[in-house]
Every structure is written in structure tokens, then in C-alpha cells.
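Visitor: sequence isn't available, so here's the structure alone:
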């Protein structure tokens, strides 16, 4: 990956206004933040800039408002951010124009303010030059610390990076370094663990990965579609039978690039999709017409673990089975713990991301042991698809 500038490369900041794009799009329950993970992620960058004497102007979207909308205001989140930071955070009732300018003028050196939801203005998602100019007029520098929004070419992600001298925040910097180490310039052999329900949602991911990794380990409902394409009867398992040609094309690409695709040869089957449903371990050639595959089997997990022991890098996206319901979480938990143990031993770099992935690895109790876990859903998937992320590309150009 080309070089980007971090906040360590910024000039003296005393008295300078720095626009910082973070992700404050947090879950709320009864007007209160119910998960402060993204707020905590923003702390290192905001605190460092404030400690350097900058006026820190925090930008974010929240929800999908159509114009100004009180229920999508960032005001309550500004209060929650102050709690997480342990220092005062002002709230400015707009992000452009006279109200914003007055709020910035009133802020002292080292002060922090959250500006109102950027999506209250149509110019945000349209990346409108006039709206970008309105934002840029408030600051001297731009810091992007929202990798999770980097796949969108919006005014506060891509536009500002072209309008002001721009830098990567601490979270963005960590993310970019991890992703470069995982697929950009990885130590080999590289494994990708890809699970989840549907091949259709990850066709581009799989097509990109077979040209990048040495081992592609497929689990979840996706594995059923691959097994079916190879002529195996998967009973009444979740399966996209209409994607047979797509799967065969991916397998042909893998063969051409010497990428080994690992599919399970034993699976856990049940007749009902419910917690502790009666189940059995079955060979893939021994699945009854009324049974469904809900997890990969112990022999398959052991084989994948053995393959990981010979790898230097692992990228993980998606669970191996229906991890939300016991006992069909067993494969996900076992393989995640193997990957975590290899990481702790220093032989494997592990980078994981995507919505279900974070939940699955938390369920396995390994989130502290992986090298890096990205909380960016859509941006992480687009990166795995090999796409340029506009917010990142603009930072690299700046």
C-alpha cells in the first residue's frame, strides 16, 4: 500500500482547528448509547490532538436522516463521548455555516467539540463541492479516523481529504497497517477463513481471494453451496443451488492460481434448526434428505487447524456454522481458538473483520488474542473484494 501520513507527521497544532472524521454511528437504546466500542476507538486520536493544543472538531454521520431530524442528532452522543474521554466535549448545532463557525470560534485551544450530524445536509452523501468547502472552511487540517466509513465517497470522508492537508488517525493507521500485512504484502503461506450463510453475498470476496491466498477455508452455509456444486446431496441444508456455475468458476480460478480450497468432509447435521436439536456427525456423502448441515465436523476442524499451523498469515471473515445456537458453534469456537493460540505463539498473524465475525470471535473468547479485529463491516468486505476505498485512496493522495 502507498504511504499515508499519520497524526505523528502533523506540524505544530497549538491554536489550529483540526476536523476529525470518526464513526459515532453507535447503537442507542432509549436515548442512551448501548455499545460504546466506536467511541472508545476514537479516544486515542481525539486525546492526542487535544493534548497537542488543537481545537478538535469531531465530524460523524448518524443514522439515515432525510434532512434535519432530532432523533438522529449527535447531541446525546457528544455527552457519551465526554464520559468515555474523561474530559469536556462541547456540542455545536451544525457542521457548516455561521452556527458552526461561531461554535468553533468559542472553542479554546485543546478544546473538543462534536459538530451536528453531517447527513443533515444532502451535500454529505452527494460529496457536493460547496458542502465540502463549507466543512473545510472550519479547519486547518483533516484527520480521517473512520475506516468503517472509508468505502463511501462522501464529503466528510473523501471530499475533505482533497480539500485540506490530511492525515490518518490512530484507528485508521492501525487498520491500514493490519490490512497491508494481511493481504497487501503478507508473509506466506496465507490462509483465508470465509464463512457465513450465502455465497451470493461474497462472490467478489471469493473471486479476489483465490488470486491472493494459498489456502481458502470455506464454512457456514457457503460450504453447502460448494459441496452441492461438486455433486454432493446436502439434504435440506441452506444452499444456493443456482450458483453452481459461479462456484465451479471460483474453483477453476483457484486451481489456476494454486490456491487450495478446503471444504469439510464431515459435518454436523440435524433435522431442526434450534438450540440443542438432536444432531449427529455425518460424512458429507451420508446426509439424509430431511437433514440439514448446521456446522462443519470435528475432523474437518482438525484438518483446518493443521493447515493453519503451516501458515504465516490468516484473514478471517464469517463463522463456520450456526454459531448463534449450541452446539452448532463448536467448529467456529475450536478453529478460532486454534488461530488465537498460534497468534499468541507468534507463528500466525490473524486479521479478522465483518459483522458476524466480531460476534463469533467474541463468543469464542479470542478477541484479545487475534492480531487485529476490524469493527468495520462494509469497508472490511469491500477491502476483501479488492476494491479501492475512496476514503483511503484520498488519504494516500493527500
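Guide: Yep, that arrived. Quantities reported herein were computed from a predicted structural model and do not represent experimental measurements.
Visitor: how near is the closest residue to residue 64 other than its chain neighbours to residue 149?
Guide: Nearest residue to residue 64, sequence neighbours excluded (Cβ to Cβ, 6 or more residues apart in numbering): residue 119, at 7.1 Å. For the C-beta atoms, the positions are set from N, CA and C on the backbone; glycine is no exception. Noted for residue 119: a distance of 11 Å to residue 149, by Cβ to Cβ, to the nearest Å.
Visitor: overlap of the contact sets of those two?
Guide: residue 61 (Cβ atoms under 8 Å, 6 or more residues apart in numbering).
Visitor: need the contact partners of stretch 126-133.
Guide: Outside stretch 126-133, the residues touching it (Cβ under 8 Å, 6+ apart) are 96, 121-124, 153-155, 158-160, 162-163.
Visitor: could you dump those to JSON lines with neighbour count?
Guide: Shown next, in JSON lines, are these (neighbours: other Cβ atoms under 10 Å):
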{"residue": "96", "neighbour count": "24"}
{"residue": "121", "neighbour count": "24"}
{"residue": "122", "neighbour count": "11"}
{"residue": "123", "neighbour count": "21"}
{"residue": "124", "neighbour count": "24"}
{"residue": "153", "neighbour count": "16"}
{"residue": "154", "neighbour count": "25"}
{"residue": "155", "neighbour count": "30"}
{"residue": "158", "neighbour count": "23"}
{"residue": "159", "neighbour count": "26"}
{"residue": "160", "neighbour count": "27"}
{"residue": "162", "neighbour count": "16"}
{"residue": "163", "neighbour count": "20"}
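Visitor: what's the most distant pair in these?
Guide: 122 and 162 (19.3 Å; Cβ to Cβ).
Visitor: domains for this protein, by residue range?
Guide: 7-169, 177-384 (automatic domain parsing).
Visitor: endpoint to endpoint, the first one covers what distance?
Guide: This means domain 7-169. Using Cα to Cα, to the nearest Å, the end-to-end distance of domain 7-169 comes out at 6 Å.
Visitor: right, and residue 65 touches residue 120 too?
Guide: Yes: with contact defined as Cβ atoms under 8 Å, residue 65 counts as touching residue 120 (6.1 Å).
Visitor: between the two, which has more neighbouring residues?
Guide: residue 120 (21 against 16; other Cβ atoms under 10 Å).
Visitor: secondary structure class for residue 269?
Guide: Classification of residue 269 using DSSP: H, G, I helix; E, B strand; the rest coil returns strand.
Visitor: burial count for residue 301?
Guide: Count around residue 301 with other Cβ under 10 Å applied: 23.
Visitor: meant to ask about residue 105
Guide: 10.
Visitor: list the residues that contact it.
Guide: No contacts exist for residue 105 under Cβ under 8 Å, 6+ apart.
Visitor: how near is it to residue 351?
Guide: 43 Å.
Visitor: which stretches of the stretch 201-350 of the chain form helices?
Guide: 203-209, 220-229, 244-256, 298-309, 330-344 (DSSP state H, counting those that start in this stretch).
Visitor: re earlier: which of the contacts of stretch 126-133 fall in helices?
Guide: Cross-referencing the contacts of stretch 126-133 against helices under DSSP state H gives 122-124, 160, 162-163.
Visitor: let me see the backbone angles for the closest residue to residue 398 other than its chain neighbours.
Guide: Distances taken as Cβ to Cβ, 6+ apart place residue 166 nearest to residue 398, at 3.8 Å, with adjacent residues excluded. Backbone torsions for residue 166, taken as degrees, to the nearest 10, come to phi -130, psi 150.
Visitor: still on that earlier bit, now do the shared contacts for residue 65 and residue 120.
Guide: What both residue 65 and residue 120 touch, as defined by Cβ under 8 Å, 6+ apart, is the set residue 72.
Visitor: mind listing what residue 94 touches?
Guide: Neighbours of residue 94 in contact, by Cβ under 8 Å, 6+ apart: 100, 103, 115-116, 120.
Visitor: what helix or strand does it sit in?
Guide: In this structure, residue 94 sits in neither a helix nor a strand according to DSSP states H and E.
Visitor: could you list the low-confidence segments of this protein?
Guide: Residues of the chain that meet the criterion pLDDT under 70 lie in 1-2.
Visitor: next step: the contacts of residue 94 restricted to strands.
Guide: Among the contacts of residue 94, the ones falling in strands (DSSP state E) are residue 115.
Visitor: adding distance to residue 303, write the contacts of residue 94 out as TSV.
Guide: Converted to TSV, the contacts of residue 94 look like this (distance: Cβ to Cβ, whole Å):
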residue	distance to residue 303
100	58
103	59
115	52
116	53
120	53
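Visitor: ok, and the most crowded of the contacts of residue 94?
Guide: Once you tally neighbours by other Cβ under 10 Å, residue 115 ends up highest among the contacts of residue 94, having 27 neighbours.
Visitor: for that one, give its distance to residue 138.
Guide: 8 Å.
Visitor: identify the contacts common to these two.
Guide: 57, 100.
Visitor: beta partners of the residue nearest to residue 398?
Guide: Listed by DSSP bridges, the beta-bridge partners for residue 166 are residue 142.
Visitor: so what's the residue count around the closest residue in space to residue 234 that isn't next to it in sequence?
Guide: If the residues on either side of it in the chain are set aside, residue 234 comes closest to residue 224, at 4.7 Å by Cβ to Cβ, 6+ apart. Taking other Cβ under 10 Å as the criterion, the count of residues near residue 224 is 30.
Visitor: please apply the same query to residue 179.
Guide: Neighbours of residue 179 (other Cβ under 10 Å): 25.
Visitor: verify the contact between it and residue 352 for me.
Guide: No: with contact defined as Cβ under 8 Å, residue 179 does not reach residue 352; the gap is 11.3 Å.
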